[in-house]
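Visitor: below is the sequence, then the predicted model.
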Amino acid sequence: QSVLTQPPSTSGTPGQRVTISCSGSSSNIGSNIVNWYQQLPGAAPKLLIYSNSQRPSGVPDRFSGSKTGTSISLAISGLQSEDEADYYCAAWDDSLNGWVFGGGTKVTVL
Amino acid sequence: QVQLVESGGGVVQPGRSLRLSCAASGFIFSNYAMNWVRQAPGKGLQWVAVMSYDGINKNYAASVKGRFTISGDNSQNTLYLQMSSLRPEDTAVYYCARAKDRATVVTPFDYWGQGTLVTVSS
């Protein structure tokens, strides 16, 4: 059972906009920044969004993050076939004194 | 360019020990906090441990605390994870990951290695 809650899967057609939610509590998302990681099939994870809404260099602006209270969402606009991957949210938890991850959301491009 | 290469994985019996290594290059190793993250087969990511850039602060997930030890060798630019009293549920791919900012361990993981598989089985 993951500390952060994500839907197990979502899907969309090319060009569509999909969103992935991630909910937590006051000890993690409510009081710390959240990061998102993308894991393509068979690959190591990659930093996708950091500090709730910042994109590292090279990440397309189709990816965006938005945080409200103890929840955060990742939006993918203009969905592309190469976006088919698992997506994980992560935040520092002040009670556990460590990082916690969501269970991951598999995005399928139909 | 930043590179992280893990090694040391393999098949080990329950109760035994194993040490993983993560060779770092392309950056000043002693300037960054480092993490271990694992992923059981077909499962999600689980953070394991973090060590601050100066090696002073170390934090562990509750599931490994007291059994695993994170350490680093600045002269070798290498991060280690000493794992003891291994259990079948420790079976996973273990990734090392660099922390993005120097000043704190509460900073995202900006570079990851390719991982090394540890299988705990009799």
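Guide: Perfect, I can see it now. Every value quoted in this text rests on a predicted model; they were computed, and no experiment measured them. Numbers count the residues shown, from 1 in each chain, chains lettered A, B, ... in the order given.

Visitor: in the sheet, who's paired with the residue most central in space within chain B?
Guide: The centroid of chain B falls nearest to residue B:36 when counting by Cα atoms, centre = their mean (2.8 Å). Beta bridges link residue B:36 to residue B:49, residue B:96, judged by DSSP bridges.

Visitor: now do the strands in chain A.
Guide: A:9-12, A:18-23, A:34-39, A:46-49, A:63-68, A:71-76, A:85-93, A:98-101, A:105-109 (DSSP state E).

Visitor: residues making contact with the second one?
Guide: Contacting residues not belonging to strand A:18-23 are listed as A:4-7, A:10-12, A:29, A:34, A:70-76, A:79, A:87, A:89, A:102, A:105, A:107 [Cβ atoms under 8 Å, 6 or more residues apart in numbering or on different chains]. Using the backbone N, CA and C atoms, a C-beta is placed for each residue, glycine as well.

Visitor: for those residues, which PyMOL command selects only the ones that are buried?
Guide: Here is the PyMOL command that picks out the buried ones among the contacts of strand A:18-23, judged by 16 or more other Cβ atoms under 10 Å in any protein chain shown:
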select buried, chain A and resi 4+6+10+12+29+34+70+71+72+73+74+76+79+87+89+102+105+107
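
Visitor: just the contacts of strand A:18-23 that are near chain B?
Guide: residue A:102 (Cβ under 8 Å from any Cβ of the partner chain).

Visitor: around chain B, which positions in chain A sit nearby?
Guide: A:2, A:32-33, A:35, A:37, A:39, A:44-47, A:50-51, A:56, A:86, A:88, A:90, A:92, A:96-104.
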